[in-house]
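Chemist: have a look at this prediction, sequence included:
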Amino acid sequence: IFFFSLLALALRNLCQPNPCRNGGSCYLNQTNFACACPTGFGGTCCELTLAATNPCFVNPCLNSGTCQIAGINTYRCICPTGLVGTRCEQRMCDPNPCLYGGVCLPYGDSFLCQCPPQYTGRCCELLLVTTAAPNPCTVNPCLNSGTCTATSATEFTCSCTSSYYGRCCELRNFCQPNPCYNGGACIPTTNAYVCSCVYPNSGSNCELRIATPAPQSSCACILCPCPTPTTTTTNPCLPNPCQNNGGCAVTQNTAQCYCPSAFT
């Protein structure tokens, strides 16, 4: 009994004076004493500042980041999606790294840019170059104000004005406007035209009449067949050189006037 009394006295004296530092409370166990340390301290006698030995004790990670001890007095922060930095202090999409209106999307510990259709690249910094489909009308192959219409990547058609024709409107239509007089029909040729005249008209443009009006009403007009080769003679009575309503007749390729009364 005496032994146990001495042991109890010795153990009781272990807390006197109080060995616990930094405000720790001393209590006895069966063989020794122990310290109940206040928040922030540890060790047998509360002699250790936990923040000095455990860098995660005061959780330096921001924005709900999780602190992990990485070594002696070192740590790393496991950041939520969209946050980066040593302490999760930086939002990946603030400021927006995506250019030209790109949308920033957090992706793990990085980000992705959702770029507009005409841009690409990690930050939408590259402009896409598109090649237009070939168009044979780009160089406008239709001449003389013709209108080109593409029918495929290599083929086209030309809508020509009335004065031209051909695949590229390269040929002139000499019959537009019609150069033939007196109802003559124009027939185009490669570099000119031919007039098909209505009787009794003649000439290269149907500008001549085959017979002139007779000076007397009883005169009959006839068409004389000419031998081959023939020559074209200009009608001296067209236009009528006789004044004051005088009548004109051709005599030996010259004009002869038949004057009304009181004129000569």
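Modeler: Thanks, I have it.

Chemist: quick one: contacts for C148?
Modeler: Each residue near C148 by C-beta atoms under 8 Å, 6 or more residues apart in numbering is listed here: 136-137, 140-142, 156-158. C-beta: built from backbone N, CA, C; applies to glycine.

Chemist: now it: how far from R209?
Modeler: 46 Å (C-beta to C-beta, to the nearest Å).

Chemist: can you pull out the helices in this structure?
Modeler: 2-13, 50-53 (DSSP state H).

Chemist: tell me the pLDDT at P213?
Modeler: Listed pLDDT for P213 reads 58.

Chemist: you'd agree Y165 is up against N173?
Modeler: Yes - between Y165 and N173 there is a contact at 5.4 Å, judged by C-beta atoms under 8 Å.

Chemist: G85 reaches C79, doesn't it?
Modeler: Yes - with contact defined as C-beta under 8 Å, G85 counts as touching C79 (7.3 Å).

Chemist: neighbour count: those two, which is higher?
Modeler: C79 (23 against 15; other C-beta atoms under 10 Å).

Chemist: which residues touch that one?
Modeler: C79 makes contact with 61, 63, 65, 85, 88, 109, according to C-beta under 8 Å, 6+ apart.

Chemist: for the closest residue to P141 other than its chain neighbours, the count of nearby residues, please.
Modeler: Closest residue in space to P141, ignoring its immediate chain neighbours: C168 at 5.4 Å, by C-beta to C-beta, 6 or more residues apart in numbering. For C168, the neighbour count with other C-beta under 10 Å is 17.

Chemist: low-confidence ranges in this protein?
Modeler: 1-12, 51-52, 211-225, 227, 230-233, 237, 245-252, 258-262 (pLDDT under 70).

Chemist: find the centremost residue of it, please.
Modeler: Central residue of the chain (C-alpha atoms, centre = their mean): T130, 8.1 Å from the mean position.

Chemist: what about it, distance to Y119?
Modeler: Counting by C-beta to C-beta, the gap from T130 to Y119 is 12 Å.

Chemist: same deal with L127?
Modeler: Taking C-beta to C-beta, one finds L127 at 6 Å from Y119.

Chemist: okay, the two: which has more neighbours?
Modeler: Y119 (18 against 11).

Chemist: so for the more buried one, what's the nearest residue that isn't a sequence neighbour?
Modeler: Y100 (5.1 Å).

Chemist: so that neighbour is in contact with L126, correct?
Modeler: No - if you go by C-beta under 8 Å, Y100 and L126 don't touch, sitting 9.9 Å apart.

Chemist: surely P134 and S152 touch.
Modeler: No - contact criterion C-beta under 8 Å: P134 and S152 do not qualify, at 9.2 Å.

Chemist: next up, the contacts around Y181.
Modeler: So Y181 contacts 201, 205-207 (C-beta under 8 Å, 6+ apart).

Chemist: likewise for R87?
Modeler: Taking C-beta under 8 Å, 6+ apart as the test, what R87 contacts is 60-62, 65, 77.

Chemist: sort out for me which of those residues are in strands.
Modeler: When the contacts of R87 are checked against strands (DSSP state E), the matches are C77.

Chemist: I'd like the contacts of R87 as JSON lines, with neighbour count appended.
Modeler: Formatted as JSON lines, the contacts of R87 follow (neighbours: other C-beta atoms under 10 Å):
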{"residue": "P60", "neighbour count": "16"}
{"residue": "C61", "neighbour count": "22"}
{"residue": "L62", "neighbour count": "15"}
{"residue": "G65", "neighbour count": "20"}
{"residue": "C77", "neighbour count": "23"}
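
Chemist: how about a markdown table for the contacts of R87, with distance to P95 added?
Modeler: Compiled in a markdown table, the contacts of R87 are given as follows (distance: C-beta to C-beta, whole Å):
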| residue | distance to P95 |
| --- | --- |
| P60 | 24 |
| C61 | 22 |
| L62 | 18 |
| G65 | 20 |
| C77 | 21 |
